[in-house]
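Peer 1: how would this look folded up:
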Amino acid sequence: MPLDDTTFPALPTSSVSPRITSTTHMQHDLRVPMRDGVDLSLDLIRPDVPGSYPVILLRTPYDKTRARSPFLQELARRGYIIALNDLRGRFNSDGEFTPYIYDTDDGYDVIEWIAAQEWCDGNVGMAGGSCVARTQWLAAAADPPHLKAIVPVVSPPDAYLNEPITHGCFLLPVSEWMLWMGRRSWQITDADPVYTYMRPYFNTLPLANIAKAAGIQSRWWDEWMQHPNLDSYWKRGSYMHDWKRMSVSALNISGWWDMNFPGAHLNFSGMREHARSDQLRLGQKLIIGPWPHRVNRTRTLNGLDFGEQAIINLEEYQLRFYDRWLKGVENGIEHELPVHVFVLGANEWWSEPDWPLPDAENVQFYFHSQGRANSLLGDGGLSTEPPGDEPADSYQYDPLDPNGMLWRIDDGPVDDRLPSTRSDMLCYTSEVLREPLTIVGPVSVTLYAASSARDTDWHVRLCDVHPDGSARFLCHGMLRARLRESFEQPQLLTPGQVYEFTFGADACGVRFLPGHRIRVEVTSSWFPEYDRNTNSGADNNFLDAQVVVTTNHIFHERGKASHITLPVVRR
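Peer 2: Model prediction:
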């Protein structure tokens, strides 16, 4: 939105940097030397007024010439220099591209090179979304002395917590990203038949052969397939363990249905917890809207209208944030409430003192049935009453006939009834609510479960069931069973033995309205969003084509009370 449009009702507003010019100019292909001798390419958008200015840097694999957004042009008119940098091995930068691995050292070197130039006043910030947001955190992990503020939008967390692997399960659409990134420049379009028909290759087993089946050569895809567990390879491209050494203010922005959503709230909480000073703690901000990966674009998703407040003046708030931390403007933003979340159902913004919300109460909602919770037509129930003596629910999971759907997390509040008609999904649904129930915060799942196989997957989704019967997707969690104790040290199952599996299911903010019901769905696949567990117990599922059909059991009885934990807010 333009900076002069109606401002975000939940956020205090104040004056922002005025325009110092109506025109800007470009500088192209400045060569920035890295510590290993590789040169990276940098373009500048500069105000048409001589002087030194704070610089806002974007480091992108997607072609820096495509990154000249109207908002960045406006920042330049208001007294910032915008630096656009092709990542190593991409477009006009030298070297070889490998996701994540070089971004910490390269980010540090680019930032400090910029700070040493006469046109920079010594203050550097960063901007950008998705992969470009991750480059901000990876640079911050090196703690460059001149990096003062970052605005990561829809940032992924560490590589093993979301993308490309979530708790052991591989996010298959990353293979489409692999297709783009396998070439130095954009030699592919949405109409390219290889891209259009990439998804049929998802059926390929083993998973590692997808690239070969599609006719793609990717060195780093082959490397990824050799590392199914969290090991030193993935840790090289991670940053969350370095929160304690970062000295940067961060404005985290995401949406409830962002496919990279965990990054925003995990980074906010982690930086607040590990901040080395009160000022650094005050510099952390979090905004979560009713949005998918492309934030702040629409008030309507899948037929649900979240009202006119769903679209906000995000640009003005970002400008205030940069003004405070890059220009030293005393606009008071650090003393305002740091957390702003949109509560679905209520369709209103809440401004909060922290995340998770201090007054949220974790409440267990227990699974119930008489052993026939299969599909939405079964007898599965959900309530806060612990179960007594109840029979377990069972279903068969066949990796060659996985429970799946054609929609993605990023599609938003999709009606999830179709996959719920299958017998390989268990559905636990509450009674119709007589009073509203609001939950805001992280969600977790505890399953007491057994499998006839040595390994399997658990996928759990939370839905809001509307009076018309539609089951609107809210959030989800998953776990590869062998990683129940540690992502680093897998432990296969003993067939038939009951284990406790506890894992996160992201977070959500929703008011379940009277007449609605709460539903929890449990199954063992979400294909083709995630890869299938072959259930064989092979050392590396990514290299395994041996399929085992398994029978999985979910227990809900005294001492084995499977449940979902929801952060209930009573106001």
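
Peer 1: Name the spans of this protein whose pLDDT lies under the cut-off.
Peer 2: Within the chain, the ranges that satisfy pLDDT under 70 run 1-14, 179-180, 182-198, 406-407.

Peer 1: What are the boundaries of the helices in it?
Peer 2: 70-77, 103-115, 131-140, 174-181, 193-196, 210-213, 219-224, 232-236, 262-274, 278-282, 314-326 (DSSP state H).

Peer 1: Comparing those helices, which comes out most buried?
Peer 2: Counting by mean count of other Cβ atoms under 10 Å, helix 131-140 has the highest mean neighbour count of these, with a mean of 26. Where you see a C-beta, it was placed from the backbone N, CA and C, and this is true even at glycine.

Peer 1: by contact count, what packs against that one?
Peer 2: Secondary-structure packing of helix 131-140 (3 or more Cβ pairs under 8 Å, 6 or more residues apart in numbering; DSSP states H and E): strand 53-60, helix 103-115, strand 120-129, strand 147-153, helix 262-274.

Peer 1: Reformat those as CSV; add distance to residue 416.
Peer 2: Shown next, in CSV, are these (distance: least, Cβ to Cβ, whole Å):
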stretch, distance to residue 416
strand 53-60, 34
helix 103-115, 36
strand 120-129, 27
strand 147-153, 27
helix 262-274, 20
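
Peer 1: Mind checking the ones you listed for the one nearest to residue 515?
Peer 2: Minimum separation from residue 515 across these (Cβ to Cβ) falls at helix 262-274, 29.5 Å.

Peer 1: what inclination does the closest one have with respect to strand 147-153?
Peer 2: Helix 262-274 and strand 147-153 meet at an angle of 150 degrees, taking axes from the mean of the first three to the mean of the last three Cα atoms, to 10 degrees as the criterion.

Peer 1: my guess is residue 415 contacts residue 304, does it?
Peer 2: No. Taking contacts as Cβ atoms under 8 Å, residue 415 lies outside contact range of residue 304: 10.1 Å.

Peer 1: Can you work out which residues contact both of these two?
Peer 2: Residues touching both residue 415 and residue 304 (Cβ atoms under 8 Å, 6 or more residues apart in numbering) are residue 472.

Peer 1: show me what contacts the residue most central in space within the chain?
Peer 2: Nearest residue to the geometric centre of the chain (Cα atoms, centre = their mean): residue 260, 1.5 Å. Neighbouring residues of residue 260 by Cβ under 8 Å, 6+ apart: 130, 133, 154-157, 162-163, 254, 293.

Peer 1: now swap in residue 362 and tell me
Peer 2: Listed by Cβ under 8 Å, 6+ apart, the contact set of residue 362 reads 565-568.

Peer 1: now, among those, which is nearest to residue 500?
Peer 2: Nearest to residue 500 out of these is residue 565 (Cβ to Cβ; 13.5 Å).

Peer 1: Distance check, that closest one against residue 516.
Peer 2: Taking Cβ to Cβ, to the nearest Å as the measure, residue 565 falls 19 Å from residue 516.

Peer 1: and what of residue 172?
Peer 2: Distance check for residue 172 against residue 516: by Cβ to Cβ, it reads 32 Å.

Peer 1: and what of residue 458?
Peer 2: 25 Å.

Peer 1: With neighbour numbers in mind, choose between these two.
Peer 2: A count of neighbours by other Cβ atoms under 10 Å puts residue 458 above the other of residue 458 and residue 516, at 25 against 20.

Peer 1: check contacts around that one.
Peer 2: Applying Cβ under 8 Å, 6+ apart to residue 458 gives the contacts 445, 447, 449, 478-479, 481, 501, 503, 522, 524.

Peer 1: one more time with 6 Å
Peer 2: 447, 479, 501 (Cβ atoms under 6 Å, 6 or more residues apart in numbering).
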